[in-house]
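Trainee: Quick one, fold the following:
(one chain, ligands or ions: 1)
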Amino acid sequence: MTRRMLARLWSDPRSRKVRRRLQAAAGAFVWHAVARRGMVGAVAPSSTRLARAMAVAAEGAGRVVELGAGTGAVTAALLERHAAATLTAVEIDPHWAAALSRRFPGVDVHCAPADEVLQQLAATDEAVVLVSSLPFRSLPPYWHARTRAAIERFLLADPRRRLVQYTYQPRAPFEPEASAPLVWRCRRTIWHNLPPAWVWELCRADAAGR
Ligand SMILES: C[S@@+](CC[C@H](N)C(=O)[O-])C[C@H]1O[C@@H](n2cnc3c(N)ncnc32)[C@H](O)[C@@H]1O
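Mentor: Sure thing, here's the model as predicted:
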């Protein structure tokens with residue numbers, strides 16, 4: 001995605017509504033994004049279209065675990081689409097985690113690193129879908145390595161589990177460990193987001209295409 005394409009998308013009158021919503025949420029988000037750049041990895045909260053696309057990609061989940069829930073844009077879409085599923089939201093930032101608990105009293109919010117929560121859920125027998133906004137392309141190496149390893153362990157343990165993840169580039173969010181039989185599939189491109197995003201799915205190779 002070039003800067004010119006982004007500028008064109010931003011000035012398109014059809015994206016006025018998206019632009020207004022993004023600007024309203026931008027104040028608090030930008031403050032956090034600047035202060036914790038690598039951990040946040042975005043310039044604005046996820047748009048409604050991206051959030052809904054993530055929720056659609058989690059179809060069939062008995063339990064949804066959202067990683068890096070931030071301001072709750074994806075959480076809201078997950079609640080709307082998966083009313084019958086158990087929803088757990090994980091957010092490492094205490095300020096955003098507290099705001100999530102206040103906004104979504106029915107959601108099990110964990111203020112903790114994603115890898116710790118995945119370890120606690122390792123033995124669950126439910127068909128879990130991980131829905132992640134974690135910024136793998138900007139996470140500091142320490143956080144990248146432990147989070148990626150925890151997700152891979154979690155997925156490899158059960159073929160019903162999968163990860164739904166978005167990126168801001170048309171390439172896979174991260175490269176799995178060479179020996180891990182996991183495969184990425186690109187599900188959708190969402191142009192109405194700042195910046196545009198690609199929705200990806202990661203699952204065990206023997207479960208791909210089911
Ligand atoms: C791109 S932002 C969230 C975007 C979110 N969809 C929204 O609309 O607000 C990524 C979030 O992941 C959180 N995060 C980063 N590393 C984390 C980790 N290891 N465990 C849990 N949350 C983490 C950040 O604090 C940040 O809120």
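
Trainee: C-alpha from now on. contacts and neighbour counts both.
Mentor: Noted.

Trainee: Show me what from the protein comes close to the ligand.
Mentor: 39-42, 45-46, 67-74, 90-93, 112-114, 133-135, 143 (CA under 6 Å from any ligand atom).

Trainee: just checking, which of the residues you listed belong to helices?
Mentor: Mapping the residues of the chain next to the ligand onto helices (DSSP state H) picks out 39, 40, 73, 74, 114, 143.

Trainee: Neighbour-wise, give me the winner out of those residues.
Mentor: residue 74 (28 neighbours; other CA atoms under 10 Å).

Trainee: How about that one, nearest residue that isn't a chain neighbour?
Mentor: In space, and not counting its chain neighbours, residue 74 is closest to residue 51: 4.5 Å by CA to CA, 6 or more residues apart in numbering.

Trainee: try residue 191
Mentor: In space, and not counting its chain neighbours, residue 191 is closest to residue 197: 6.6 Å by CA to CA, 6+ apart.

Trainee: So the one you found versus the ligand, what's the distance?
Mentor: Distance of residue 197 to the ligand, computed by CA to the nearest ligand atom, to the nearest Å: 11 Å.

Trainee: Tally up the residues packed near that residue, please.
Mentor: 22.

Trainee: Surely it is in contact with residue 165?
Mentor: No. Shown here, residue 197 and residue 165 do not form a contact pair, counting by CA atoms under 8 Å, at 10.0 Å.

Trainee: a markdown table please, covering the ones in helices among the residues of the chain next to the ligand and showing distance to residue 175 and pLDDT.
Mentor: Below are those laid out as a markdown table (distance: CA to CA, whole Å; pLDDT from 0 to 100):
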| residue | distance to residue 175 | pLDDT |
| --- | --- | --- |
| 39 | 18 | 81 |
| 40 | 20 | 74 |
| 73 | 26 | 96 |
| 74 | 24 | 98 |
| 114 | 18 | 98 |
| 143 | 15 | 96 |
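
Trainee: Go through these and name the one nearest residue 59.
Mentor: residue 74 (14.0 Å; CA to CA).

Trainee: Enumerate every residue touching that closest one.
Mentor: 46, 48, 50, 51, 52, 54, 55 (CA atoms under 8 Å, 6 or more residues apart in numbering).

Trainee: try residue 128
Mentor: Counting by CA under 8 Å, 6+ apart, residue 128 has contacts 61, 62, 63, 64, 65, 160, 161, 162.
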